[in-house]
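Trainee: 3D, please:
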Amino acid sequence: MKDDGPISRLRELNWRRKLTGKEQAELDARLATDSGARADWELESALQTALDRLPDAPLPSNFTSRVMQAAEREESRRRTGNWSWNWHALVPRAAIATAVVMLAGLALHQYSLRTQRIALAKNIALAIAGQPVPSPEALENIDAIRRMSRPQHADDELLALMQ
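Mentor: Sure, this is the predicted structure:
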């Protein structure tokens, strides 16, 4: 059936309840001008009358609980039932997760390097602060100081003669 504006609205009202006097008068005025709509309305009225005469179908006493259980089953099936590999969704998520893990690793590495450098700088500062600065006279004789710090090897020939 076609959508004919006000007649369609009145048809839907007639499905739900009996039309009021004002609504019936509006319907009669509209049907007087359109013979095709009148035939559709008469067919619709006959169908509505036949449906009204049918007895209501009996509902089981646990109808509501059965409907709720079916809805819950459908929801759980929708959440977990037809899971399959969706590469279009999985690849971007894996790429983002990989990027996040790599950035976190890089940040951790940079933090570790920074803390090592700070600790090294503190140790150097403590070592320098604990030792006095050498005097200029000590620096003049640096060659003699170096020779003294070298390990001396025993003269094997001299030791052999002494025995």
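Trainee: And the pLDDT at the residue most central in space within the chain?
Mentor: Central residue of the chain (CA atoms, centre = their mean): R93, 8.8 Å from the mean position. If you check R93, the pLDDT there is 90.
Trainee: What of K2?
Mentor: Note on K2: pLDDT of 54.
Trainee: Give me the distance from stretch 8-26 to the chain's centre.
Mentor: Stretch 8-26 sits 50 Å away from the centroid of its parent chain (CA atoms, centre = their mean, to the nearest Å).
Trainee: Please disregard the earlier target; I meant stretch 74-93.
Mentor: Counting by CA atoms, centre = their mean, stretch 74-93 comes out at 14 Å from the chain centroid.
Trainee: Output that stretch as PDB - backbone C-alpha positions only.
Mentor: The C-alpha trace of stretch 74-93 is given here as PDB (Å, rounded to 0.1, in the frame of the first residue of the first chain):
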ATOM      1  CA  GLU A  74      21.900 -14.000  21.400                       C
ATOM      2  CA  GLU A  75      24.000 -11.300  23.100                       C
ATOM      3  CA  SER A  76      26.600 -13.800  24.400                       C
ATOM      4  CA  ARG A  77      26.700 -15.500  20.900                       C
ATOM      5  CA  ARG A  78      27.200 -12.000  19.400                       C
ATOM      6  CA  ARG A  79      30.100 -11.300  21.800                       C
ATOM      7  CA  THR A  80      31.900 -14.600  21.600                       C
ATOM      8  CA  GLY A  81      30.300 -16.800  19.000                       C
ATOM      9  CA  ASN A  82      31.400 -16.000  15.500                       C
ATOM     10  CA  TRP A  83      34.900 -14.800  16.300                       C
ATOM     11  CA  SER A  84      37.300 -15.100  13.400                       C
ATOM     12  CA  TRP A  85      40.500 -13.500  12.300                       C
ATOM     13  CA  ASN A  86      39.700 -10.000  11.000                       C
ATOM     14  CA  TRP A  87      42.900  -8.900   9.500                       C
ATOM     15  CA  HIS A  88      41.600  -5.500   8.700                       C
ATOM     16  CA  ALA A  89      41.100  -4.900  12.400                       C
ATOM     17  CA  LEU A  90      44.000  -7.000  13.700                       C
ATOM     18  CA  VAL A  91      46.900  -5.500  11.700                       C
ATOM     19  CA  PRO A  92      46.400  -1.800  12.700                       C
ATOM     20  CA  ARG A  93      46.000  -2.800  16.300                       C
END
